[in-house]
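A.B. asks: Got a predicted model here, sequence first, then my questions.
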Amino acid sequence: MTPSKCKILIVDDEPLNVELLSVYLGDNYDIVTSYNGKDALVKVKEECPDLILLDVMMPEMDGYDVCRVIRNDFKMDFIPIIMVTALTDKADHQRGIEAGADEFLKKPVGRFELEKKIDSLLRIKKQHDTLLTEKNKAYYYLDYVGVLVAVLDLDFKVTTINRKGSDLLGYSPDKIVGKEWIESFISHDSVNDIRAHYDGLISGEVEPYEYSEVPIILSTGEERLLRCYDSPLMDNSGKNMGILISGEDITEMRKAEKQLKEYASQLERSNDLKDLFTDVMRHDLLNPAGLIQSFVDLLIETETDESKKHILNNINKATDKLISMIDGAAHLAKLESVDEISFVRVDLNSIISDIVKGFEYQTMEKDMEIIVKMDEGCFTLANPMIERVFVNLLSNSIKYSPNGSTITIDVMDIGNKWKLSFIDQGDGIPNESKASVFERFMRLHKENIRGTGIGLAIVKRIMDLHMEIIDVDDNPEGKGSIFWLTLKKAN
């Protein structure tokens, strides 16, 4: 297929000038001609040329006026305009620049100079058109993503909101952009808490929440519950520009959870209910969450604007946490439907070594050290799912320990069993919370909504299936906790 030629509009009241320029350019471009300013404006609208060669001195409407209408009234900022003129005074050139001309050529026009200027301007226009296409594509995909995405400036006014967000709130985007987010859309009872949180994000005193649940008010006056991930936006120099909000309406989910709990209490953890819950988690929630992540990954690959890429990376992190939470809940539901497991001979040296290697990136990010104290030849009788216990315990130790601290994995011989301890230097766990830390959906540090309360419940269920002990103590050597468990030795 032959690529289409660029289209050039030649405007001059002298037919000979038009004919000469047409001869120069006719082999390489599609030529449209006009012999006065008013007709030229009609041709601009009808033909949408890629470039305009515009004479200055024309009767009734001169080139300056034509150029000014194209730029100001037609809002066509990126059609290159070359003014062709016999005028050489600097003031005339200044008038052309103010009217919106991109280049000037002196009559009589030389063919070589003409072709070079046209080639240069069309190359720039092509780059602009490509960027504009990619930008529009990015906004299209962002609108397609099924979560609210909004950007607030430092005064918490909305500067950008996607289609999902405006549809959820019940306003057109122009009725949202420019509004103060907290006063306009947050439930009155939560205004002070949300404002304090945003102030902390801007000042750096508050770490970004993994998730926060925010009641919002729709155009109808209805209150809905939004699960938000809030993140400060930085420019290339590290200066704070505002706040990114990505949120999902979980009102119906919360209602469903309440109904589910009531139903579960009546059926006393029926196996049928567990199967239904697992199916809902895996299919009705995990699939759309994976779709969101796929679209965001595509946007990150194609986005060239660093500030927008930063926004997309934050959305990607939030989606990744959502997928992890859904997968964990589904896995827990599946485990609770299991009554018996098989056992095989497991090499603790090998499995712990592989797990520690898998966390090298996280420990490097936090400047942490993992020390493993274990003799050679440590074998246990366990189900392969025991690996998830070690992964969850080490992940928690890294997550809740400060930068620069040390985590110790200690494997002790206590007769016919091994005692495995994961020792961290974090904030520790209050005595009143130790008994409930392994319960489902139990979260500590609720002021920062850290974690989902599922990981340790999975650990406890796996250890129950092994008929072994899992518990937590204070670290006697200072701050922190010791999560420890027992496993049978293998001959």
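C.D. replies: Yep, that arrived.
A.B. asks: for Gln127, helix, strand, or coil?
C.D. replies: Assigned by DSSP: H, G, I helix; E, B strand; the rest coil, the conformation of Gln127 is helix.
A.B. asks: Quick check: it vs Asp102, distance?
C.D. replies: 14 Å (CB to CB, to the nearest Å). Every C-beta, even on glycine, is put in place using the N, C-alpha and C of the backbone.
A.B. asks: Show me which of those two is the more surrounded one.
C.D. replies: Comparing Gln127 with Asp102 by other CB atoms under 10 Å, the one with more neighbours is Asp102, at 20 against 10.
A.B. asks: residues in contact with the more buried one?
C.D. replies: Contact analysis of Asp102 by CB atoms under 8 Å, 6 or more residues apart in numbering lists Pro80, Ile81, Ile82, Leu121.
A.B. asks: now do Ile355
C.D. replies: Glu387, Phe390, Val391, Leu394.
A.B. asks: just checking, it is part of a helix?
C.D. replies: Yes - according to three-state DSSP, Ile355 belongs to a helix.
A.B. asks: quick revisit: between the contacts of Ile355, identify the one with the most neighbours.
C.D. replies: Going by other CB under 10 Å, Leu394 tops the contacts of Ile355 with 23 neighbours.
A.B. asks: Save the contacts of Asp102 as TSV, and put in secondary structure and neighbour count too.
C.D. replies: Listed next are these as TSV, based on DSSP: H, G, I helix; E, B strand; the rest coil; neighbours: other CB atoms under 10 Å:
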residue	secondary structure	neighbour count
Pro80	coil	22
Ile81	strand	24
Ile82	strand	21
Leu121	helix	18
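A.B. asks: Just flag the most distant two among the residues you listed.
C.D. replies: Ile81 and Leu121 (8.8 Å; CB to CB).
A.B. asks: Mind listing the shared neighbours of these two?
C.D. replies: Leu51, Asp102, Glu103.
A.B. asks: and which of those residues is nearest Leu456?
C.D. replies: The closest of those, once distances to Leu456 are taken by CB to CB, is Asp102, at 64.5 Å.
A.B. asks: How confident was the prediction at the closest one?
C.D. replies: Reading off the confidence values, Asp102 has pLDDT 88.
A.B. asks: Next one: it relative to Leu381, how far apart?
C.D. replies: According to CB to CB, Asp102 stands 78 Å off from Leu381.
A.B. asks: just Gly200 next, same as before
C.D. replies: Taken as CB to CB, the span from Gly200 to Leu381 is 50 Å.
A.B. asks: do Tyr64 as well
C.D. replies: Tyr64 sits 90 Å away from Leu381, taking CB to CB as the criterion.
A.B. asks: Compare the two (neighbour count), which wins?
C.D. replies: Taking other CB under 10 Å, Tyr64 and Leu381 do not tie; Tyr64 has more neighbours (22 against 15).
A.B. asks: what are the ranges of the helices in the stretch 301-450 of the chain?
C.D. replies: 306-336, 348-358, 360-365, 386-399, 431-434 (DSSP state H, counting those that start in this stretch).
A.B. asks: The shortest one packs against which elements?
C.D. replies: Using 3 or more CB pairs under 8 Å, 6 or more residues apart in numbering; DSSP states H and E as the contact definition, helix 431-434 packs against no other helix or strand.
A.B. asks: Distance from that helix to the middle of the chain?
C.D. replies: Here helix 431-434 is found 36 Å from its chain centre; the criterion is CA atoms, centre = their mean, to the nearest Å.
A.B. asks: now the helices of the stretch 301-450 of the chain in JSON lines, with mean pLDDT?
C.D. replies: Formatted as JSON lines, those follow (pLDDT from 0 to 100):
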{"stretch": "helix 306-336", "mean pLDDT": "71"}
{"stretch": "helix 348-358", "mean pLDDT": "92"}
{"stretch": "helix 360-365", "mean pLDDT": "90"}
{"stretch": "helix 386-399", "mean pLDDT": "90"}
{"stretch": "helix 431-434", "mean pLDDT": "83"}
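A.B. asks: Ile454 is nearest to which of these?
C.D. replies: Between the helices of the stretch 301-450 of the chain, helix 306-336 lies closest to Ile454; by CB to CB that is 4.1 Å.
A.B. asks: mind putting the shared contacts of Ile81 and Leu121 in a markdown table, secondary structure included?
C.D. replies: Formatted as a markdown table, these follow (three-state DSSP):
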| residue | secondary structure |
| --- | --- |
| Leu51 | strand |
| Asp102 | coil |
| Glu103 | strand |
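A.B. asks: Turn those into a markdown table, columns for distance to Phe483.
C.D. replies: Listed next are the shared contacts of Ile81 and Leu121 as a markdown table, based on distance: CB to CB, whole Å:
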| residue | distance to Phe483 |
| --- | --- |
| Leu51 | 70 |
| Asp102 | 68 |
| Glu103 | 71 |
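A.B. asks: Looking at these, spot the one nearest Ile315.
C.D. replies: Asp102 (37.6 Å).
A.B. asks: And that closest one, how close does it get to Leu20?
C.D. replies: Taking CB to CB, one finds Asp102 at 21 Å from Leu20.
A.B. asks: Then Lys357?
C.D. replies: 73 Å.
A.B. asks: now Thr159
C.D. replies: Taken as CB to CB, the span from Thr159 to Leu20 is 50 Å.
A.B. asks: Then Ile454?
C.D. replies: 77 Å.
A.B. asks: Those two: who's more crowded?
C.D. replies: A direct count of neighbours by other CB under 10 Å for Ile454 and Leu20 places Ile454 higher, at 23 against 16.
A.B. asks: how about the helices in the stretch 151-300 of the chain?
C.D. replies: With DSSP H, counting those that start in this stretch as the criterion, the stretch 151-300 of the chain has helices spanning 163-169, 173-176, 181-185, 191-203, 251-267, 271-279, 286-302.
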